[in-house]
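[1] Build me a model:
(chains A and B)
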Amino acid sequence: MNPEATARKSFHQELEKLEDDVVKLATMAEEAVARAVKSLKQKDVNMAQKIIDGDDVLDDLALDIENRCFSMLALQQPMASDLRTIGSALKIVTDLERIGDHAVDIAKVTRRLYDKTYIKPLIDIPRMAQITQEMLRSSLQAFVKKEVNFLDELKEQDDEVDHLYSQIFRELLTFMMADPSTINQAMEFLMVASHLERVADHATNIGEWVYYAVTGERKDLNI
Amino acid sequence: MDMNRTSAVAAKPVVPQDGDVGTTVPQVASPRPNVTPPVREKIRTEKLTVFYDGKEAIKSIDLSIPEGMVTAIIGPSGCGKSTFLRALNRMNELIPGTRTTGKVLVDGINIYDPAIDLPTLRKNVGMVWQRPNPFPKTIWENVAYGPKCLGVKSKAVLDDIVEKSLREAALWDEVKDRLHSSALALSGGQQQRLCIARALAVEPSVLLMDEPAASLDPISTTKIEDLMAELRGKYTLIIVTHNMQQAARVSDYTAFLLMGELVEFDVTERIFTRPKRKETEDYITGRFG
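    Residues are numbered from 1 along each chain as shown, chains lettered A, B, ... in the order given. Got it, this is the predicted structure:
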């Protein structure tokens, strides 16, 4: 598309800025999750506190994007792919905001556990976090590049996260049965795994909305 | 999450391959929630081409227009949308240097057949213009004019027709106390509704509207749009508009014309959320240079 050819230059510039900010928000959410898990693994309570404090910035950006979506809907009467981009952005922002909340919840676990000796080294939890991070990245890249070939991989990644969650669940259950004094910590880790499983679900939702924005078709990855 | 909401819509391939765009009425479960699916084709154009001084203004258009629905024709200036509309009741013939080829079938009858009686055709396929053009007569006489020409003489019958038509055009309450004052004293929006009443008085089955709200203020525009929603079902409405939001608001089906050609014809909801052709997408998103 030759930008000079557009009859609605300022609107389309505004729309591009919106897409950029959705990506920015996604990067913030993605980093928050990665750093929350890192803080847990490294028992870094300062890093955890920064994530908890930084959530306001993420929420503010989410709110700002939502407001701009509504004003564009009201003032510009967007159509077709423009309309789908704005509608999808509104949905994606909600998922991203929730992902940020999950990162905060994980950081709070760090704050509770950082001075304890862990019942086991954390291996599968960071792996889960890494996959969710990749899921978010490929979805948002597709949003900007208007591509949809990421979808099959996204589904596989979501399955892998679910699989890791079951694995962690079974492992922690064994710990708890063998030694009830591990229950407190095992429950905390299980919650973390559960948060990450939710993050992957949000990432899958985002992928579905990106698919809609690009193609106009709805697709359910959770079948 | 229920992702199957569009499945009913996607059930049938709607816009066929290049070359046969518009030859069938796109089917959906329901184009609007309160409308039953279209079952019948009202107007069909076959290879409809109109020349102005030997130059093609519209090129071989095949379009199937469903009965009782609102079909909008959109496209940039000069794309041939008004020409197309005027071809549907042979109004182009009033313009010197015009030649029309192809067919326009209304209820299966080719209106370009030499045996067709033009007044009957234009009674059946009525027209409302961009600028309100009431006769410089009273409100009553404007509406009664058509039926009188068709031979209705009884004052009582004419009174009934006038009231019924004005009610259908949502103008009755505003003018019932001054039926015998001049139509020219009405506001622009009222004049336009009077023109619609005048068209309805001869009981057409199709109403062609060429930019019916283009010269009206927003409130009068809303009234015309509401009126179109009221008339849907009983009449087949075809509206030409350069206002895409208006097309999106009022129509069940939308045809997009570009440089005299039919680019895409589909259910309005689909045209404005996920058009199939890039030209349509570029035009309705304003990426059209």
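[2] B:T236 in helix, strand or coil?
    strand (DSSP: H, G, I helix; E, B strand; the rest coil).
[3] who touches whichever residue of chain A sits closest to chain B in this structure?
    At 2.7 Å from chain B, A:G216 is the closest residue in chain A, using C-beta to the nearest C-beta. C-beta coordinates here come from the backbone N, C-alpha and C atoms, glycine included. Going by C-beta atoms under 8 Å, 6 or more residues apart in numbering or on different chains, A:G216 touches A:80-81, A:84, B:273-274.
[4] would CSV of those with secondary structure, neighbour count and pLDDT be doable?
    Below are those laid out as CSV (DSSP: H, G, I helix; E, B strand; the rest coil; neighbours: other C-beta atoms under 10 Å in any protein chain shown; pLDDT from 0 to 100):
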residue, secondary structure, neighbour count, pLDDT
A:A80, helix, 21, 93
A:S81, helix, 22, 93
A:R84, helix, 19, 96
B:T273, helix, 19, 92
B:R274, coil, 20, 91
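[5] Compute the number of surrounding residues for residue 86.
    Using chain A. 20 (other C-beta atoms under 10 Å in any protein chain shown).
[6] actually it's chain B I care about, not the one you picked
    Neighbour number of B:R86 under other C-beta under 10 Å is 21.
[7] State the three-state secondary structure for it.
    Secondary structure, three-state DSSP: B:R86 is helix.
[8] Please name the nearest non-neighbouring residue to it.
    Ranked by C-beta to C-beta, 6 or more residues apart in numbering or on different chains and with sequence neighbours excluded, the top spatial neighbour of B:R86 is B:N92, at 4.7 Å.
[9] Might you report the residue contacts of the one you found?
    Here B:N92 is in contact with B:50, B:83, B:86, B:98, B:100 (C-beta under 8 Å, 6+ apart).
[10] State the number of residues packed around A:V45.
    16.
[11] Low-confidence regions, the chain specifically.
    Reading this off chain A. Scanning chain A for pLDDT under 70 picks out A:1-7, A:223.
[12] my bad, chain B
    B:1-20, B:27-39, B:289.
[13] Quick check: closest non-adjacent residue to whichever residue of chain B sits closest to chain A.
    Using C-beta to the nearest C-beta, the closest approach of chain B to chain A is made by B:R274 at 2.7 Å. In space, and not counting its chain neighbours, B:R274 is closest to A:G216: 2.7 Å by C-beta to C-beta, 6+ apart.
[14] Next, the one you found: phi, psi?
    Backbone torsions of A:G216, given as degrees, to the nearest 10, read phi 80, psi 0.
[15] So it versus B:P275, what's the distance?
    Going from A:G216 to B:P275 by C-beta to C-beta, to the nearest Å gives 8 Å.
[16] any residues in contact with both of these two?
    A:A80.
[17] Would you mind confirming that the residue of chain B closest to chain A is in contact with A:L83?
    No. The pair B:R274 / A:L83 is not scored as a contact, 9.2 Å apart, by C-beta atoms under 8 Å.
[18] Once you drop chain neighbours, what's closest to B:I43?
    Using C-beta to C-beta, 6+ apart, the closest residue to B:I43 is B:I65 (4.2 Å).
[19] looking at this, the one you found is in a helix?
    No. B:I65 is assigned strand when assessed by three-state DSSP, not a helix.
[20] Let me see the contact set for it.
    B:25, B:41-44, B:71, B:236, B:238, B:253.
[21] mind listing which of these are in strands?
    Among the contacts of B:I65, the members falling in strands (DSSP state E) are B:41-44, B:71, B:236, B:238, B:253.
[22] B:T236 contacts B:S64, correct?
    No. Using C-beta under 8 Å, B:T236 is not in contact with B:S64; the gap is 11.8 Å.
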